[in-house]
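**Student:** just to be clear, the model below is a prediction. Sequence and coordinates:
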Amino acid sequence: MSKQETDTIRSPLVIDGLPKFMSFNFHRCIERVVWIFAELGIADLMADHQVPLTAIELSQLNGNQWNAEFLYRLLQAVADVDIVKELSASDENSQTDVHP
């Protein structure tokens, strides 16, 4: 292996075997998901409560009337890139079901 190949820094989101165009589209989708997550202030809402929240609970905090199903999909996408952690019902820290 040449030195140039070992010095290459790869994105943690690179998907091996995926054409560059598809990888570009994937990165654009992740960019939008992170932007929406930040713009809605979801991380701040989650940090204020210190306990696991379901998508339904999160969608109704502070008088918000967000669609819980879409919020659940957004949280799944954010969890896929390790920004938040999805807890299952069997986790000791989980108090409720993870689905909306």
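**Tutor:** All right, it came through fine.

**Student:** mind listing what's buried in stretch 28-46?
**Tutor:** 30, 33, 37, 42, 45-46 (16 or more other Cβ atoms under 10 Å). The C-beta positions use only the backbone N, C-alpha and C, and glycine is treated the same way.

**Student:** from the chain's centroid, how far away is it?
**Tutor:** In this view, stretch 28-46 has its centroid 8 Å away from the chain centroid, taken as Cα atoms, centre = their mean, to the nearest Å.

**Student:** ok, now stretch 44-53?
**Tutor:** Between the mean C-alpha location of stretch 44-53 and the chain-wide mean there is a distance of 15 Å, by Cα atoms, centre = their mean.

**Student:** show the end-to-end separation of that stretch, please.
**Tutor:** Its first and final residues considered, stretch 44-53 spans 13 Å by Cα to Cα, to the nearest Å.

**Student:** can you list the weak-confidence ranges in the chain?
**Tutor:** 1-15, 89-100 (pLDDT under 70).

**Student:** and the strands in this structure, which stretches?
**Tutor:** Listed in chain order, the strands found in the chain under DSSP state E amount to none.

**Student:** which elements pack onto the helix ranked longest in the chain?
**Tutor:** Taking residue count as the measure and DSSP state H as the definition, the longest helix of the chain comes out as helix 20-39. Taking 3 or more Cβ pairs under 8 Å, 6 or more residues apart in numbering; DSSP states H and E as the contact definition, the neighbouring helices and strands of helix 20-39 are helix 68-80.

**Student:** which parts of the helix it packs on are buried?
**Tutor:** Residues 68, 71-72, 74-75, 77-78 are the ones in helix 68-80 that count as buried (16+ other Cβ under 10 Å).

**Student:** could you check the angle helix 20-39 makes with that helix?
**Tutor:** Inter-element angle recorded for helix 68-80 and helix 20-39: 120 degrees (by axes from the mean of the first three to the mean of the last three Cα atoms, to 10 degrees).
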